[in-house]
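Colleague: Provided below are the primary sequence and the corresponding predicted coordinates.
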Amino acid sequence: MTGTRINKTARASVILATTLLLAIALRASDTQSSEIGKGFGFVYDSAKEMTVEGNVQEIITHPAAGSAVGIHLLISSEGKTIDAHLGPFLSTENREALTLGAPVQVVGVNAQQHGQNLFLARQLVIGERKITIRNQRGFLVREVPERKTQISKPVVNGGAQ
């Protein structure tokens, strides 16, 4: 009798778990079809991409509370100030390439966060340097540093000196 009760309980648990997973999967597929690139409140639609050219007015590395985390680049372009969100993954080398007054080109889309306009940068061009910030679907890309090959010293006499 105990074995039958365990089997019924196990079967009910499996049915419940399967139903929950199916409901989650259906909800996810509905969301993906209606909200392209939505994540963390932003919608990235590559069909609405545009290119902004201007000069670096300000580099914000620690944005105010409630603002998108990561580096913000304030760009003056055609008499306007554009807040370009670069995210938190910009390498030290690329951060150092950003200087006040430098001409830049940014490809991305406009978005709003807490009533503020924000330009979600997908690509940043500084001089000859092209930096990928987001992929085509709007997800931030983490820069992978180049590996430096270490040249080892030749071993003499099995390492004995």
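Modeller: Thanks, I have it.
Colleague: Any regions of this protein where pLDDT drops low?
Modeller: Counting by pLDDT under 70, the chain shows low-confidence ranges at 1-6, 16-42, 145-161.
Colleague: Going along the chain, name the helices of it.
Modeller: Secondary structure of the chain (DSSP state H): helices at 2-34, 92-97.
Colleague: For the last one, give me every contacting residue.
Modeller: Where contact means CB atoms under 8 Å, 6 or more residues apart in numbering, the residues beyond helix 92-97 that reach it are 61, 71, 124, 126, 127, 129, 131, 143. Just so you know, the C-beta spots here come from the backbone N, C-alpha and C atoms, and that holds for glycine as well.
Colleague: Once you drop chain neighbours, what's closest to the last one?
Modeller: What it means is residue 143. Nearest residue to residue 143, sequence neighbours excluded (CB to CB, 6 or more residues apart in numbering): residue 91, at 4.6 Å.
Colleague: Quickly note the distance from that neighbour to residue 71.
Modeller: Noted for residue 91: a distance of 11 Å to residue 71, by CB to CB, to the nearest Å.
Colleague: Bridged to residue 104, which residues?
Modeller: residue 54, residue 126 (DSSP bridges).
Colleague: Quick one: neighbours of residue 93, just the number.
Modeller: Using other CB atoms under 10 Å, residue 93 has 12 neighbouring residues.
Colleague: and if you look at residue 15?
Modeller: Residue 15 has 10 neighbouring residues, counting by other CB under 10 Å.
Colleague: related to what we said a few turns ago, okay, and the common contacts of residue 91 and residue 71?
Modeller: Residues touching both residue 91 and residue 71 by CB under 8 Å, 6+ apart: none at all.
Colleague: So which of these two has more stuff around it?
Modeller: residue 71 (23 against 14).
Colleague: so what's that one up against?
Modeller: Taking CB under 8 Å, 6+ apart, we find residue 71 in contact with 59, 60, 61, 85, 86, 87, 88, 90, 95.
Colleague: Give me the buried subset of the residues you listed.
Modeller: Neighbour counting by 16 or more other CB atoms under 10 Å classes 85, 86, 87, 90 among these as buried.
Colleague: what's across from the nearest residue to the last one once chain neighbours are set aside in the sheet?
Modeller: Nearest residue to residue 90, sequence neighbours excluded (CB to CB, 6+ apart): residue 71, at 5.5 Å. For residue 71, the residues forming beta bridges with it (DSSP bridges) are residue 87.
Colleague: Kindly report the same for residue 132.
Modeller: Here residue 132, judged by DSSP bridges, has bridge partners residue 123.
Colleague: That one reaches residue 123, doesn't it?
Modeller: Yes: contact criterion CB atoms under 8 Å: residue 132 and residue 123 qualify, at 5.8 Å.
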